[in-house]
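Asker: Turn this into a structure:
(2 chains)
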Protein chains: 2
Amino acid sequence: MKGPGDEIAHQGSASQRSRENPLLQALNGHVPVKVPVWMMRQAGRYLPEYRALREKAGDFLTLCYTPEFATEVTLQPIRRFGFDAAILFSDILVVPHALGCELRFEAGEGPRLSITGNLEDLGRLAGELDPAKVGKVYEAVARTRTELPEETALLGFCGAPFTVATYMIAGRGTDDQAPARLAMMRDPAFFEALIDRLVSSSSAYLIGQLKAGADAVQIFDSWAGVLAPEEFVRWSVGPIARIIHAVRAEIPDAKVIGFPKGATLEGLTALVDGAGVDAIGLDWTVDRRAVRGRLGARVALQGNLDPLRLIVGGKALDEGIDAILDDFRGAAHIFNLGHGIRPETPISHVEHMLERLRG
Amino acid sequence: MKGPGDEIAHQGSASQRSRENPLLQALNGHVPVKVPVWMMRQAGRYLPEYRALREKAGDFLTLCYTPEFATEVTLQPIRRFGFDAAILFSDILVVPHALGCELRFEAGEGPRLSITGNLEDLGRLAGELDPAKVGKVYEAVARTRTELPEETALLGFCGAPFTVATYMIAGRGTDDQAPARLAMMRDPAFFEALIDRLVSSSSAYLIGQLKAGADAVQIFDSWAGVLAPEEFVRWSVGPIARIIHAVRAEIPDAKVIGFPKGATLEGLTALVDGAGVDAIGLDWTVDRRAVRGRLGARVALQGNLDPLRLIVGGKALDEGIDAILDDFRGAAHIFNLGHGIRPETPISHVEHMLERLRG
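Answerer: Numbers count the residues shown, from 1 in each chain, chains lettered A, B, ... in the order given. Okay, here's the model as predicted:
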């Protein structure tokens, strides 16, 4: 347990990190001293040390809920590559699980959840997150912060309510998450109640992570791209805005990255206008110069290397990196992939990417 | 066989149709006298008469290559609903099949093709379409034209080279068609040669359909949305532009609808600027007013009802229809879905949609 002196020491280093870490500089609206870099899913299956620990843990959720395991996995890519940020090893489906959904991960099959398809199903879930579950996550955050190099930022995260709802309603991932959009149209009272539950629980979850030591958080709206424009404003931007508002009511200077995958320039603009994000994550399909021209003076821009270029390496990788650096030179830019790193990515390509970025 | 008199009669009615059919009016740059309507996949599994014929034929490809079956299926939705256009019943994978790829459709599994993964595989395919196969398609077009009401437009189609290549390279559909984009980066010489083969064969295929009696054609780039902006210009717009150029070298006034699903406003603009399309198909995620403002004076706009609204019916359907009509009032607009109709769509909802459209 920390004493008052530790707390001051911790705040002191957090404040120093906020000034000196390039990712946190970008989130604070500055052009960073060097381009910060981290990768979505940087702790994961492309790393042999991850695969070894996963085998030892036996189960994906055991990894997530065992603080020493989650910490170790979070630290692995930092030890190997020295990224500017670690991101908590966890899963966006921890929130529905901590509300009482059944959840299991089958090898090669993706997640399977108990279906939450109507108000009755929703009524069987808890109103608040089970502290026995999310407490383990907060413990992992605190432990990671202790073990992480002082200069490295620590990111927490959650799924955006729309994206989490798509899995809860279908009970799994589907190729277009149509079940959730059908529910949105067929049973708006249920859909809104589900989103509300996810807004409040995700807000509490991010607050818990920030209080445990996360320097900033990212909200992943991985399925936002299937929404029509007015749906995007209502069901992607709206809930994210409410989460950020609730988080900042507790932690006024909380820094938040929004990543609505598949969003158009109009959608990204709506997110910046409506939600108060400090940065937007960009997938590999966006027009970087158009986004920078429209939004680069207002928020940090994170992305957007095509993960396939990192698999292929060579010229495809170098050209991809160089184009991003050229387009975002002089901006508050955080280098990242446009989507999570894939398991088949060679580690040597990640090393090469970092050499090229760090010149 | 037609005599000279028949040919004149046919040309006469085609010319009259071009003036009087609202879809063809829109493709000719006019605001149509009434909003034309057809639906992607309008001949298909949501219709009991289709399911009955499919069972009789036994196999999907038998339906496609048996002119009396393909004609009958093409006509079914016209008889039932009186759409302003019929679209040839066929599949975008007829082109690779007619180049020598093995192809089968497994129930509930989607298409399975022999993989074309490198120059050696491509070398084993034919340089031109097998006339024994595509001849049956042209025969179906001619037969459909004869049996179709004079006032109804007949659309032919093909897949865009990029989209067809994604299936040929993976041998199937995948959730993001990454195999094709990996091949594009790893083996550009092969990828370009494959696209070239598809440009020349698709051009010949559309010319064959137009000569057989199609009034216009649509090019489906169903996977264009996974491309980065510069890839979109090169691999979606470029091949479509070359096809249209080749088609118009033979048939100068050929009318072409381009449908790059998942394209951004910038992508749609590149298609209009670069390819000479007469209309663009819009999926349900586009910002209609932004597209109209940018492109509505230059091309007809086709779309974009969310197919899920047609499943749900009621208020979701009515609001969806009304918003489209409001946004496109006074434009050269062709009412359609934003993607193909789904098998679970109730026929009564299609009837209701038509009543609402025709007021």
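Asker: rest of the way, CA atoms for contacts and neighbours
Answerer: OK.
Asker: So what touches the host helix or strand of A:Ile311?
Answerer: Assigned by DSSP states H and E, A:Ile311 belongs to helix A:307-312. Helix A:307-312 is contacted from outside by A:316-317, A:320, A:337-342, A:344-346, A:349-350, A:353, B:178, B:181-182, B:185-186, using C-alpha atoms under 8 Å, 6 or more residues apart in numbering or on different chains.
Asker: Same question for stretch A:221-237.
Answerer: With C-alpha under 8 Å, 6+ apart, stretch A:221-237 has contacts from A:159-163, A:166, A:176-177, A:258-264, A:267, A:270-271, A:274-275, B:284-287.
Asker: same thing but 6 Å
Answerer: A:Ala160, A:Thr163, A:Phe259, A:Pro260, A:Lys261, A:Gly262, A:Ala263, A:Leu271, B:Trp284, B:Thr285 (C-alpha atoms under 6 Å, 6 or more residues apart in numbering or on different chains).
Asker: what's the closest of those residues to B:Thr71?
Answerer: Using C-alpha to C-alpha, B:Trp284 comes nearest to B:Thr71 of these, at 29.4 Å.
Asker: I'd guessed that closest one sits against B:Gly338; true?
Answerer: Yes - assessed by C-alpha atoms under 6 Å, B:Trp284 is found in contact with B:Gly338 at 4.6 Å.
Asker: just so I have it, where are all the strands in chain A?
Answerer: Listed in chain order, the strands found in chain A under DSSP state E are A:85-87, A:103-106, A:110-113, A:153-159, A:216-221, A:256-260, A:279-281, A:300-305, A:333-337.
Asker: which other helices and strands contact the fourth one?
Answerer: I take that to be strand A:153-159. Secondary-structure packing of strand A:153-159 (3 or more C-alpha pairs under 6 Å, 6 or more residues apart in numbering or on different chains; DSSP states H and E): strand A:85-87, strand A:216-221.
Asker: hmm, who's touching the first one?
Answerer: Taking C-alpha under 6 Å, 6+ apart as the criterion, the residues outside strand A:85-87 that touch it are A:Trp38, A:Thr152, A:Ala153, A:Leu154, A:Leu155.
Asker: chain center to it, what's the gap?
Answerer: Here the centre of strand A:85-87 is set off from its chain's centre by 10 Å, with C-alpha atoms, centre = their mean, to the nearest Å.
Asker: repeat for stretch A:108-128
Answerer: So, by C-alpha atoms, centre = their mean, the centroid of stretch A:108-128 is 21 Å from its chain's centroid.
Asker: circling back: between the contacts of strand A:85-87, which is closest to chain B?
Answerer: Comparing these against chain B with C-alpha to the nearest C-alpha picks out A:Trp38 as the nearest, at 20.9 Å.
Asker: per-residue confidence for the residue lying closest to A:Val37 once chain neighbours are set aside?
Answerer: For A:Val37, ignoring the flanking residues on the chain, the nearest one in space by C-alpha to C-alpha, 6 or more residues apart in numbering or on different chains is A:Phe335 at 4.6 Å. With respect to pLDDT, A:Phe335 has a value of 98.
Asker: The residue of the stretch 101-250 of chain A at minimum distance from chain B - how many residues pack around it?
Answerer: Nearest residue of the stretch 101-250 of chain A to chain B (C-alpha to the nearest C-alpha) works out as A:Ala228 at 4.1 Å. Per other C-alpha atoms under 10 Å in any protein chain shown, the neighbour tally for A:Ala228 reads 18.
Asker: returning to that earlier point: reformat the contacts of stretch A:221-237 as a markdown table; add neighbour count.
Answerer: Formatted as a markdown table, the contacts of stretch A:221-237 follow (neighbours: other C-alpha atoms under 10 Å in any protein chain shown):
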| residue | neighbour count |
| --- | --- |
| A:Ala160 | 29 |
| A:Thr163 | 23 |
| A:Phe259 | 27 |
| A:Pro260 | 26 |
| A:Lys261 | 23 |
| A:Gly262 | 25 |
| A:Ala263 | 30 |
| A:Leu271 | 24 |
| B:Trp284 | 23 |
| B:Thr285 | 24 |
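Asker: Can you tell me which of those residues comes closest to B:Gly82?
Answerer: For these, the nearest to B:Gly82 is B:Trp284 (23.6 Å; C-alpha to C-alpha).
Asker: give the contact list for the closest one.
Answerer: The contact partners of B:Trp284, taken as C-alpha under 6 Å, 6+ apart, are A:Ala228, B:Asn304, B:Leu305, B:Asp306, B:Gly338.
Asker: pLDDT score for A:Val164?
Answerer: At A:Val164, the model reports a pLDDT of 98.
Asker: ok so, going back, out of the contacts of strand A:85-87, the closest to A:Ile115 would be?
Answerer: For the contacts of strand A:85-87, the closest approach to A:Ile115 (C-alpha to C-alpha) belongs to A:Leu155, at 29.6 Å.
Asker: For the closest one, give the beta-bridge partners.
Answerer: Per DSSP bridges, the residues bridged to A:Leu155 are A:Ile87, A:Ala216.
Asker: and the residue of the stretch 251-359 of chain A found nearest chain B, what pLDDT?
Answerer: Residue nearest to chain B within the stretch 251-359 of chain A (C-alpha to the nearest C-alpha): A:Thr285, separated by 4.1 Å. Listed pLDDT for A:Thr285 reads 97.
Asker: how about low-confidence regions in the stretch 1-150 of chain A?
Answerer: A:1-11 (pLDDT under 70).
Asker: That one: helices as residue ranges?
Answerer: For the stretch 1-150 of chain A, the helices defined by DSSP state H, counting those that start in this stretch cover A:4-20, A:22-27, A:48-57, A:60-65, A:67-81, A:94-98, A:119-124, A:131-147.
Asker: Any idea which of those helices gets closest to B:Arg54?
Answerer: Using C-alpha to C-alpha, the nearest of those to B:Arg54 is helix A:119-124, at 38.9 Å.
Asker: Contacts for that closest one, please.
Answerer: Residues from elsewhere that reach helix A:119-124 (C-alpha under 6 Å, 6+ apart): A:Thr116, A:Phe190.
Asker: quick one on the thing from earlier: the residue of the stretch 251-359 of chain A closest to chain B and A:Thr152, how far apart?
Answerer: For A:Thr285, the distance to A:Thr152 (C-alpha to C-alpha, to the nearest Å) stands at 29 Å.
Asker: returning to that earlier point: got TSV for the helices and strands packed on strand A:153-159, with mean neighbour count too?
Answerer: Shown next, in TSV, are those (neighbours: other C-alpha under 10 Å):
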stretch	mean neighbour count
strand A:85-87	27
strand A:216-221	24
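Asker: Save those strands as TSV, and put in distance to A:Gly123 too.
Answerer: Output for these, formatted as TSV (distance: least, C-alpha to C-alpha, whole Å):
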stretch	distance to A:Gly123
strand A:85-87	32
strand A:216-221	24
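Asker: of those strands, which approaches A:Arg358 most closely?
Answerer: strand A:85-87 (15.0 Å).
Asker: Please name the residues that touch the nearest residue to A:Ala26 once chain neighbours are set aside.
Answerer: Computed as C-alpha to C-alpha, 6+ apart, the closest residue to A:Ala26 that is not its neighbour in sequence is A:Ala332, at 4.9 Å. By C-alpha under 6 Å, 6+ apart, the contact set of A:Ala332 is A:Ala26, A:His30, A:Val31, A:Ala300.
Asker: Run through the residues that contact the third one.
Answerer: The neighbourhood of A:Val31, defined by C-alpha under 6 Å, 6+ apart, consists of A:Ala331, A:Ala332.
Asker: Fine by me, we can end here.
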